[in-house]
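1. Predicted model and sequence below, questions to follow.
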Amino acid sequence: MEAQKHRTGLVSVSFRGHSPREILSAMKEAGLSYIEWGSDVHAPCHDRARLDELVALMKQFGVRCCSYGTYFRLGQMPLSELEPYILAAKTLGTDTLRLWCGTKSGAEMTPDEVASLLSECRAAADMAEKHGVTLCTECHMGTFTERPEDALWLMREVASPHFRTYWQPFQWRTVEQNLHYLRTLLPYVTHLHVFQWKGAARYSLSEGFGEWQDYLALLQGSHTLLLEFMPDDKLETLGAEASALRAITGEMQ
């Protein structure tokens with residue numbers, strides 16, 4: 001695997017109890033250059049003063065915003081509320097927004113519910129195109145994209161380069177099932193959330209070295225790999241997790 005093929009970074013919600021300055025300082029020490037700011041605590045979309053402060057802090061610490069982690073949920077929240085998130089993302093310097101799709105698995109939805117959600121996704125993709133941004137669904141349990149076949153169907157039906165998906169392994173599924181999901185959605189995957197969990201148990205990323213190398217071996221081109229949550233939720237653990245991520249990507253230490 002080529003050295004530095006992928007960009008490495010952090011999801012700010014990993015440390016909701018810490019300030020942006022503390023997070024960025026720890027990232028600089030850990031050698032991480034990209035951050036996904038969460039809209040729930042660190043980067044509320046309507047707080048322009050806070051967004052401007054984050055921009056100044058990122059410049060100070062040499063970190064770039066690769067994505068805006070919103071908690072906007074398609075199929076539940078009015079589409080009119082999406083635009084402030086898009087404008088906030090642009091303020092932070094990114095054209096990528098993460099959102100959630102639906103309130104339950106596609107397996108639990110009626111045909112009418114699926115049709116309504118698809119209409120919302122198409123309208124959201126049109127809005128994203130207008131603003132020159134990309135909306136990315138989160139590969140998450142309890143949403144329409146829980147199953148790979150539903151996620152693939154959605155990507156094909158929306159059929160927009162401004163509507164894509166993240167990927168992350170489901171801790172309640174096998175490595176083989178997770179590989180199948182990634183392989184199925186590969187043409188539509190942008191960023192990856194990186195962690196090593198098995199069921200309710202959390203492990204250091206170094207313990208999933210081989211597993212993650214198998215995941216990354218499927219990827220084509222460069223992707224942004226974002227550490228999401230620490231095995232012990234401690235900021236002091238970030239350095240070790242970042243080192244493990246670089247080792248998995250083949251980046252020189």
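-> Thanks, I have it.
2. Work out for me the element the residue lying closest to Q171 once chain neighbours are set aside sits within.
-> Nearest residue to Q171, sequence neighbours excluded (Cβ to Cβ, 6 or more residues apart in numbering): W197, at 3.7 Å. Where you see a C-beta, it was placed from the backbone N, CA and C, and this is true even at glycine. If you go by DSSP states H and E, W197 is part of strand 196-198.
3. any idea which helix or strand comes after that strand?
-> strand 201-203.
4. which secondary structure elements does that next one contact?
-> strand 196-198 (3 or more Cβ pairs under 8 Å, 6 or more residues apart in numbering; DSSP states H and E).
5. This structure: strands as residue ranges?
-> Per DSSP state E, the chain carries strands over the ranges 7-11, 34-38, 64-74, 96-101, 134-137, 163-167, 189-194, 196-198, 201-203, 224-227.
6. Of all these, which one is nearest A89?
-> Set against A89 and scored by Cβ to Cβ, these come closest in strand 64-74, at 3.9 Å.
7. Just give the strands next to that closest one in its sheet, each with its orientation.
-> strand 34-38 (parallel), strand 96-101 (parallel) (DSSP bridges).
8. okay, these in a markdown table with mean neighbour count and distance to L216 next?
-> Shown next, in a markdown table, are those (neighbours: other Cβ atoms under 10 Å; distance: least, Cβ to Cβ, whole Å):
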| stretch | mean neighbour count | distance to L216 |
| --- | --- | --- |
| strand 34-38 | 25 | 16 |
| strand 96-101 | 24 | 19 |
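9. need these in TSV with distance to T70 and mean pLDDT, can you?
-> Below are those laid out as TSV (distance: least, Cβ to Cβ, whole Å; pLDDT from 0 to 100):
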stretch	distance to T70	mean pLDDT
strand 34-38	8	98
strand 96-101	5	98
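10. May I see the strands of the chain arranged in TSV, with distance to L179 as well?
-> Listed next are the strands of the chain as TSV, based on distance: least, Cβ to Cβ, whole Å:
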stretch	distance to L179
strand 7-11	21
strand 34-38	24
strand 64-74	24
strand 96-101	22
strand 134-137	19
strand 163-167	11
strand 189-194	13
strand 196-198	15
strand 201-203	18
strand 224-227	16
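11. T174: which of these is closest?
-> With Cβ to Cβ as the criterion, T174 lies closest to strand 196-198 of these, at 10.0 Å.
12. Show me what the closest one pairs with in its sheet, parallel or antiparallel.
-> Strand 196-198 has these strand partners (DSSP bridges): strand 201-203 (antiparallel).
13. Residues contacting the biggest helix by length in the chain, please?
-> Secondary structure of the chain read by DSSP state H shows that its longest helix is helix 111-131. With Cβ atoms under 8 Å, 6 or more residues apart in numbering as the test, helix 111-131 has contacts from 74-75, 79, 82-83, 86-87, 90, 97, 101-102, 106, 109, 134-135, 144, 154, 157-158, 160, 162-163.
14. Buried ones among those?
-> Among the contacts of helix 111-131, those buried by neighbour count (16 or more other Cβ atoms under 10 Å) are 74-75, 79, 82, 86-87, 90, 97, 101-102, 106, 109, 134-135, 144, 154, 158, 160, 162-163.
15. rewinding a little: so which of the strands paired with strand 64-74 is nearest N178?
-> strand 96-101 (18.7 Å).
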